[in-house]
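3D, please:
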Amino acid sequence: MDWASGASPLVTTAHTTYTTDMRGRDIDLVKGLDPAIVTVTNPLTNSIRWNSANRKWELYNGSTWAALIDYYAIEVGAFTGDVTKAAGASVLTIGAFTGDVTKSGMALTIGANAVGDSKLRDSASLSVIGRAANSVGDPADIAAGADDRLLTRTAGALAWTQVTVGMFPDNVVSNAKLAQVATQTFKGRNTAATGDPEDLSVATAKGMLGLSGSNTGDEPSASESTEGVLEIATQAETNAGTDDARALTALKLKNVVRPAFSAYRAAAQTLTNGAFTSIFADTEDFDTNSNYAPGTGRFTPTVAGKYLVWGHGGPGGNSAGSAVQLAIYKNGAASKISYDRAPGGTGIGHSVTAFVDMNGTTDYLEFLILQDSGGDQPLTTGIYNSFAGHWVCA
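Down below sits the predicted model:
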């Protein structure tokens, strides 16, 4: 209502109007002249009102309303509880907040990591603060009731429990996590009855297994007079035939390398009169160990031993009474020679056979023929000549 000087109510105002005007002014005062809920016109200079919009007391200076002060000191009695203040000793001031607690308007915020351990409530002895149940709710003390316990999640809840075998996944304990052992020992148990593992030496283990060999390994090697371990010979050892300490198997014997070959001369070749001619058997029937060389006519076995070798053939034509000699040469020298005289006319077959000891490395054999018919003669070719041999024994 209008608060101007001389405005209603006046002494001359009617009784009913006077009462209404006075009541209106009383209501404005009770409401603190708050512009949000009352309308005051022509307020008196130095009037004071509460402005709920900006939450401040304001003073009317005759033309405008201005805030009295931004901050207020309010004298209150003693505070007890979480906030304390001695009675009459100081005032509680509401203003800007700095430090761990900040204020924005009327909202207070505690800074991150501002609540130290000393500000937390006390907890029970030997406990942690948390929530054991699998649900949202207030934290509580989770106390360890005994020594040697770990905080684990078991059956959907947190609890202090003793470690059990079932808590370890398979294959998580590596060799590096095991206790170290001495050189040439391994884990086991020699002491009677169930108990912790022990470091066992080779000697202790042999005693546990009933092994009595004098070596530091396993049982002794077997021999004609000693019972023990018998090693299986390799194919190379079987082929060599020099090892007397290893066993042979049927398959190794079947696959043993025993050189053998058979070859003949298919192409034409001339036998020089009065001199030995080396027969280059150029076509192989077989060569079990690739020891015969058709290009040179040489048989060079790679397995040592005694060999049976033979050759047959002769000149395609000859004069009666002329000599024919067939020879087996070893390393370029005659080893065996057969001697025959031709009856004359068409050629006839001649042969030579020899047992020869070969070293299995450098020794080689050749087949040669000599004829003295008085002129060169052709060699009987194809099935009418051959050079062959095979291993017999060591």
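
name the helix or strand of the protein that has the lowest mean pLDDT.
strand 92-93 (a mean of 48; mean pLDDT, DSSP states H and E).

name the next helix or strand downstream of that one, please.
Going down the chain from strand 92-93, the next helix or strand is strand 101-104, by DSSP states H and E.

distance from the chain centre to that next one, please.
Here strand 101-104 is found 55 Å from its chain centre; the criterion is CA atoms, centre = their mean, to the nearest Å.

in its sheet, what does it sit against?
If you go by DSSP bridges, strand 101-104 pairs up with strand 107-110 (antiparallel).

next secondary structure after the strand it pairs with?
Assigned by DSSP H and E, the successor of strand 107-110 is strand 127-130.

which outside residues touch stretch 152-167?
130-134, 142-146, 148-151 (CB atoms under 8 Å, 6 or more residues apart in numbering). Every residue, glycine included, has its C-beta placed from N, CA and C.

where does the protein dip in pLDDT?
1-13, 15, 70-96, 106, 212-220, 318-321, 342-348 (pLDDT under 70).

domains in it, by residue range?
For the chain, automatic domain parsing gives the domain ranges 15-67, 185-220, 260-393.

out of the ones you listed, which one sits most buried?
Using mean count of other CB atoms under 10 Å, the stretch among the domains of the chain with the largest mean neighbour count is domain 260-393, at a mean of 18.

pull the distance from that domain to the chain's centre.
Taking mean C-alpha positions (CA atoms, centre = their mean), domain 260-393 and its chain are 65 Å apart.

circling back to that earlier point, so which of the domains of the chain gets nearest residue 112?
Closest to residue 112 of those is domain 15-67 (CB to CB; 29.5 Å).

now do the same contact list for residue 362.
Residue 362 sits in contact with 300, 331, where contact means CB under 8 Å, 6+ apart.

about what we covered before: buried subset of the contacts of stretch 152-167 as a PyMOL selection?
Buried residues within those, by 16 or more other CB atoms under 10 Å, are selected in PyMOL with:
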select buried, resi 132+142+144
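
helix, strand or coil for residue 24?
Following DSSP: H, G, I helix; E, B strand; the rest coil, residue 24 is assigned to helix.

residue 14 versus that one, what's the distance?
15 Å (CB to CB, to the nearest Å).

residue 389 now?
163 Å.

ditto for residue 124
79 Å.

ok, residue 199 next?
Residue 199 is 121 Å from residue 14, by CB to CB.

please apply the same query to residue 362.
The value you get for residue 362 to residue 14, if CB to CB is used, is 158 Å.

contact partners for the residue nearest to residue 287 when sequence neighbours are not counted?
In this structure, residue 287 finds its nearest non-sequential neighbour in residue 261, 4.4 Å apart by CB to CB, 6 or more residues apart in numbering. Applying CB under 8 Å, 6+ apart to residue 261 gives the contacts 284-288, 291-292, 299, 388-390.

how about residue 64?
So residue 64 contacts nothing (CB under 8 Å, 6+ apart).

next, residue 286: phi, psi?
With angles defined as degrees, to the nearest 10, residue 286 sits at phi -160, psi 160.

likewise for the one 4 residues further on?
Residue 290 has phi and psi values of phi 50, psi 40 when expressed as degrees, to the nearest 10.

centre of the chain to the helix or strand hosting residue 152, how far?
Element membership for residue 152 (DSSP H and E) is strand 150-154. Its chain's C-alpha centre and that of strand 150-154 lie 30 Å apart, by CA atoms, centre = their mean.
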